[in-house]
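Show me the folded form of this:
(2 chains)
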Protein chains: 2
Amino acid sequence: MESVTRWEPNARERLEKAAMELYRERGFDETTVAEIAERAGLTERTFFRYFSDKREVLFWGAGALQDLLTEKVGGAPDGSAPLDVVVTALESTSEMFEQRREFAGHRQALIAAHPELLERELVKLASLAMAIAEALRRRGVTDPAASLAGEAGIAVFRLGFQSWVADPKRGPLSQHIRASLRSLKAVTAGESPPTKKATRGRRVAPREARRKGSA
Amino acid sequence: MESVTRWEPNARERLEKAAMELYRERGFDETTVAEIAERAGLTERTFFRYFSDKREVLFWGAGALQDLLTEKVGGAPDGSAPLDVVVTALESTSEMFEQRREFAGHRQALIAAHPELLERELVKLASLAMAIAEALRRRGVTDPAASLAGEAGIAVFRLGFQSWVADPKRGPLSQHIRASLRSLKAVTAGESPPTKKATRGRRVAPREARRKGSA
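Below is the predicted model of the structure:
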């Protein structure tokens, strides 16, 4: 109606699915936009209406994620501690990811294998941390607390996300984020977590030894 | 002696100085490698022996910094808490930066003004966090504590560095890193730092109000 190009239902999803299949079958470097469009039954022109390049297929959700997070941070109850505000906002994204666990796993593997994708991922995460810090400043949180809460929150999210993707028990993302937050709190409180060396003859507190299991 | 090209004393330093002058005078985008070499009294060929491009002039120290940090993390006393190990390592770099405060300030301003430089900076910092995490794992620290300590350490460093560069009293970098660590500890312990909103009618502790000034 609105233009001469035909509207294709679920074009973005179809392109994303086709791209991910091809990246896994042939490798990311070997896949062309033409092939992605063909596999999806769409034109290259349609591809470029959604994505600026084949890399962007893996990152298009970042904008929506950032909007969601900054909105949640902005809407948190008055007087909440900044890191709680951030982690609660991050947890609220769980639903958005929960249906995409398989995609997230494949995406993670691709990113880990391609330095230029990893760079892009890191830049996106850093932007997210900055956007969160900005949302905290708009709530009146001053720096460095705002920036540190943003960075700490994103570190918690990244590690929680990684363990969620790798979890054989398929526990919910929000649970992994909470566990990651507990680890960060322990680390910054100056606790020494169980180390592998500990079993090689150093003092091991009973609780610590129990927590570690056999290691 | 060893090759047909003449050895130039302090070539790297001269090129760095010339580049920074030109970036400030003409802007980063407008400056060419030829101009940098000319200003330094050297050839373009010499420039490319030290730097792959004009951007790299701002980032060449990252490798040495990473080596220093991983070495310090590896050599820390047995049984130290991971974040203490990391922050002590970061503090030990202070000396390396202390003579370069002015350069650091100009560099910071340049990076803040150029998104492609900021991206590169963020990627370098993320690599640094990963290298630190890897050095902690070699000490036997398990994940997620190792990764979180690496990321938290780099966040502390980045914010400490920023406040050091901006400090009118020119306090030492190590002091700013320590202050930044205290802020992170407060943030992760769930403390709410003073907010700007506090002056709009919420309870304001006297000390807090004084510290904030007028806001």
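
any idea how far A:L136 is from A:K72?
To A:L136, A:K72 is 12 Å away according to C-beta to C-beta, to the nearest Å. In this view, the C-beta of every residue, glycine as well, is placed from N, C-alpha and C.

Give me the more crowded residue out of those two.
Here A:K72 and A:L136 are compared on neighbour count by other C-beta atoms under 10 Å in any protein chain shown; more neighbours surround A:L136, at 29 against 19.

Please give me every residue in contact with the more buried one.
A:L136 makes contact with A:73, A:82, A:85-86, A:145-146, A:149-150, according to C-beta atoms under 8 Å, 6 or more residues apart in numbering or on different chains.

which one of those residues sits closest to chain B?
A:A145 (4.0 Å; C-beta to the nearest C-beta).

all helices of chain A, in order?
Applying DSSP state H to chain A gives helices spanning A:11-26, A:33-40, A:44-50, A:62-75, A:82-91, A:94-98, A:101-113, A:115-138, A:145-166, A:173-188, A:206-212.

Nearest approach to B:G41 belongs to which of these?
Among those, the nearest to B:G41 by C-beta to C-beta is helix A:115-138 (35.1 Å).

The closest one versus helix A:101-113: what angle between them?
Counting by axes from the mean of the first three to the mean of the last three C-alpha atoms, to 10 degrees, helix A:115-138 lies at 110 degrees to helix A:101-113.

Could you tell me the model confidence score at the residue nearest to A:T70 when sequence neighbours are not counted?
Residue nearest to A:T70 in three dimensions, not counting chain neighbours: A:A135, with 4.2 Å by C-beta to C-beta, 6 or more residues apart in numbering or on different chains. At A:A135 the predicted local distance difference test score is 95.

can you check A:M1 too?
pLDDT for A:M1: 46.

same thing with A:D84?
Confidence score, pLDDT, at A:D84: 91.

Please verify my assumption that it contacts B:G190.
Yes: using C-beta atoms under 8 Å, A:D84 is in contact with B:G190, at 6.3 Å.

who's more crowded, the two?
Set side by side, A:D84 and B:G190 give different neighbour counts by other C-beta under 10 Å, the larger being at A:D84 (17 against 12).

how far away is A:G74 from chain B?
Distance, A:G74 to chain B, using C-beta to the nearest C-beta, to the nearest Å: 13 Å.

Sorry, slip of the keys, the one I care about is A:E102.
Plainly put, A:E102 is 23 Å away from chain B if you go by C-beta to the nearest C-beta.

So what's the residue count around that residue?
Counted with other C-beta under 10 Å, residues neighbouring A:E102 total 10.

and what of A:E95?
That count, for A:E95 with other C-beta under 10 Å as the rule, works out to 11.

How about A:A109?
The burial metric for A:A109, expressed as a neighbour count using other C-beta under 10 Å, is 13.

now do A:G79
11.

Show the contacting residues for A:A179.
The contact partners of A:A179, by C-beta under 8 Å, 6+ apart, come to A:160, A:163.

my guess is A:A155 meets B:A149, correct?
No: with contacts counted by C-beta under 8 Å, A:A155 stays clear of B:A149, the gap being 9.7 Å.

who's more crowded, the two?
B:A149 (30 against 27).

Not counting residues beside it along the chain, what's closest to the more buried one?
According to C-beta to C-beta, 6+ apart, the nearest residue to B:A149 is B:P82 (3.9 Å).

The one you found contacts B:A146, correct?
Yes: under the criterion of C-beta under 8 Å, B:P82 is in contact with B:A146, at a separation of 6.7 Å.

which of these two has more neighbours?
Comparing B:P82 with B:A146 by other C-beta under 10 Å, the one with more neighbours is B:P82, at 30 against 27.

Tell me the spacing between the more buried one and A:V73.
28 Å.

Poorly predicted segments of chain A, please.
By pLDDT under 70, the low-scoring segments of chain A are A:1-8, A:192-215.

which residues does the closest residue to A:V57 other than its chain neighbours contact?
By the measure of C-beta to C-beta, 6+ apart, the closest residue to A:V57 outside its immediate chain neighbours is A:A19, 4.4 Å from it. Under the criterion of C-beta under 8 Å, 6+ apart, the neighbours of A:A19 are A:31, A:36, A:40, A:54, A:57.

before we move on, what about A:R120?
If you count contacts by C-beta under 8 Å, 6+ apart, then A:R120 has A:55, A:58-59 around it.

Take those residues and lay them out in a markdown table including neighbour count.
Formatted as a markdown table, the entries for the contacts of A:R120 read as follows, by neighbours: other C-beta atoms under 10 Å in any protein chain shown:
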| residue | neighbour count |
| --- | --- |
| A:R55 | 14 |
| A:L58 | 24 |
| A:F59 | 17 |
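
any idea how far B:L128 is from the closest residue to A:F51 other than its chain neighbours?
Spatially, and ignoring its direct neighbours in sequence, A:F51 is nearest to A:V57 (5.4 Å; C-beta to C-beta, 6+ apart). Here the criterion is C-beta to C-beta. By it, A:V57 lies 29 Å from B:L128.

Compare neighbour counts for the two and give me the winner.
Neighbour count, other C-beta under 10 Å: between A:V57 and B:L128, A:V57 has more, with 25 against 22.

wait, doesn't A:K54 sit right on A:T31?
Yes: contact status for A:K54 versus A:T31: in contact at 6.4 Å, counting by C-beta under 8 Å.

one step back: make TSV from the helices of chain A and add distance to B:Q99 to it.
Formatted as TSV, the entries for these read as follows, by distance: least, C-beta to C-beta, whole Å:
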stretch	distance to B:Q99
helix A:11-26	47
helix A:33-40	50
helix A:44-50	50
helix A:62-75	39
helix A:82-91	35
helix A:94-98	47
helix A:101-113	38
helix A:115-138	28
helix A:145-166	26
helix A:173-188	31
helix A:206-212	43
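
which one of those helices lies closest to B:F48?
Between B:F48 and the helices of chain A, the tightest spacing by C-beta to C-beta is seen for helix A:115-138, at 22.5 Å.

quick one on the thing from earlier: the residue nearest to A:T70 - how many residues pack around it?
Other residues within reach of A:A135 by the criterion other C-beta under 10 Å amount to 24.

wait, what's in contact with it?
Taking C-beta under 8 Å, 6+ apart as the contact definition, A:A135 lies against A:69-70, A:73-74.

Neighbour-wise, which one of the residues you listed leads?
A:V73 (27 neighbours).

can you pull the contacts of that one?
Neighbouring residues of A:V73 by C-beta under 8 Å, 6+ apart: A:85-86, A:89, A:132, A:135-136, A:139.

Among the residues you listed, find me the one that's closest to chain B.
Closest approach to chain B among the contacts of A:V73 (C-beta to the nearest C-beta): A:R139, at 7.0 Å.

Having no further points to raise, I will conclude here.
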